[in-house]
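[1] Give me the fold of what follows.
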Amino acid sequence: MSRQAILERKTDETRIGVELNLDGSGTYRIKTPIPFLTHMLEQLARHAKLDISIEAEGDIHVDGHHTTEDIGITLGKTIAKALGTRAGIRRFGSAIVPMDDACVLCALDLSGRSFMLWRIPLPKAKVGDFDSELAEVFFEGLVRAMGCNLHLRLLEGTVIHHIIEGSFKAFALALQQAVQIDSCSKQIPSTKGTLTD
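    Purely as a prediction, here's the structure:
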């Protein structure tokens, strides 16, 4: 069973192309105009063990919002496409990741329903050219497009770089669990019989 997908999103503000293999080894080729976001997406690919190629262009002369959000949306849609009916997946995943002073908890459910609880308090600041508030924007776009229930909570931490990176790594580890095929069942893991409607 191939769990790969390719998607392209073009608007007047951005152009995003994503190729994805859910059953990869964590290889990546990521080009965005926002270096810190590129670094975070590399962390996601490596720790979720997804093979990901992302090429993104956007109106960063305005700011990084459109590009960050549209990468989240396109990646989310690509993951959803690769998951197909979601039959046989474990569905749930969770992780707690320490990153120096920071510690982040992530729990997710590939339920087909979009909901996000973001309890990652961040001051308005920049990490390189990346506005700290765009971390939440990325995950909002991803969750909405992927059909996922996501809870992210900061347990400890003050260094913004560590908090954001810990969030991406915790999400990656939880996602890696949730997309795994359950060897005991090929059914859709829901009593209602669908995770896509």
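
[2] in which helix or strand would I find the residue most central in space within the chain?
    A centroid search over the chain (C-alpha atoms, centre = their mean) returns L142, at 5.7 Å, as the residue closest to the centre. In the assignment (DSSP states H and E), L142 maps to helix 134-146.

[3] model confidence over the next helix or strand after that helix, on average?
    Where DSSP H and E defines the elements, the next helix or strand beyond helix 134-146 is strand 149-156. In this model, strand 149-156 has a mean pLDDT of 98.

[4] quick revisit: enumerate every residue touching the residue nearest to the centre of the chain.
    Neighbouring residues of L142 by C-beta atoms under 8 Å, 6 or more residues apart in numbering: 72-73, 75-76, 148. Every residue, glycine included, has its C-beta placed from N, CA and C.

[5] Ok, L117 next?
    So L117 contacts 150-153 (C-beta under 8 Å, 6+ apart).

[6] if you set the cut-off to 7 Å instead, what comes out?
    Counting by C-beta atoms under 7 Å, 6 or more residues apart in numbering, L117 touches H151.

[7] Check it and give its pLDDT.
    98.

[8] And T191, by the same measure?
    Confidence at T191, expressed as pLDDT, is 51.

[9] can you give me the strands for this protein?
    4-10, 14-21, 28-31, 51-58, 92-99, 102-109, 115-119, 126-127, 130-131, 149-156 (DSSP state E).

[10] Can you lay out the ones you listed as a markdown table showing distance to K81?
    Listed next are the strands of the chain as a markdown table, based on distance: least, C-beta to C-beta, whole Å:
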| stretch | distance to K81 |
| --- | --- |
| strand 4-10 | 4 |
| strand 14-21 | 8 |
| strand 28-31 | 18 |
| strand 51-58 | 13 |
| strand 92-99 | 19 |
| strand 102-109 | 18 |
| strand 115-119 | 20 |
| strand 126-127 | 30 |
| strand 130-131 | 27 |
| strand 149-156 | 18 |
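
[11] Looking at these, spot the one closest to K169.
    Nearest to K169 among the strands of the chain is strand 92-99; the distance by C-beta to C-beta comes to 4.7 Å.

[12] Report the angle between the closest one and strand 149-156.
    Angle of strand 92-99 versus strand 149-156, following axes from the mean of the first three to the mean of the last three C-alpha atoms, to 10 degrees, is 20 degrees.

[13] what's the angle from strand 92-99 to strand 102-109?
    In terms of direction (the same axes, to 10 degrees), strand 92-99 departs from strand 102-109 by 170 degrees.

[14] who does strand 92-99 touch, helix- and strand-wise?
    Packing partners of strand 92-99 (3 or more C-beta pairs under 7 Å, 6 or more residues apart in numbering; DSSP states H and E): strand 102-109, helix 160-178.

[15] and the ones you listed, which is most packed in?
    Among these, helix 160-178 has the highest mean neighbour count (mean count of other C-beta atoms under 10 Å), at a mean of 23.

[16] what's the angle from it to strand 149-156?
    Using the same axes, to 10 degrees: helix 160-178 against strand 149-156 is 140 degrees.

[17] ok, H66 touching E13?
    Yes. Taking contacts as C-beta atoms under 7 Å, H66 lies within contact range of E13: 4.2 Å.
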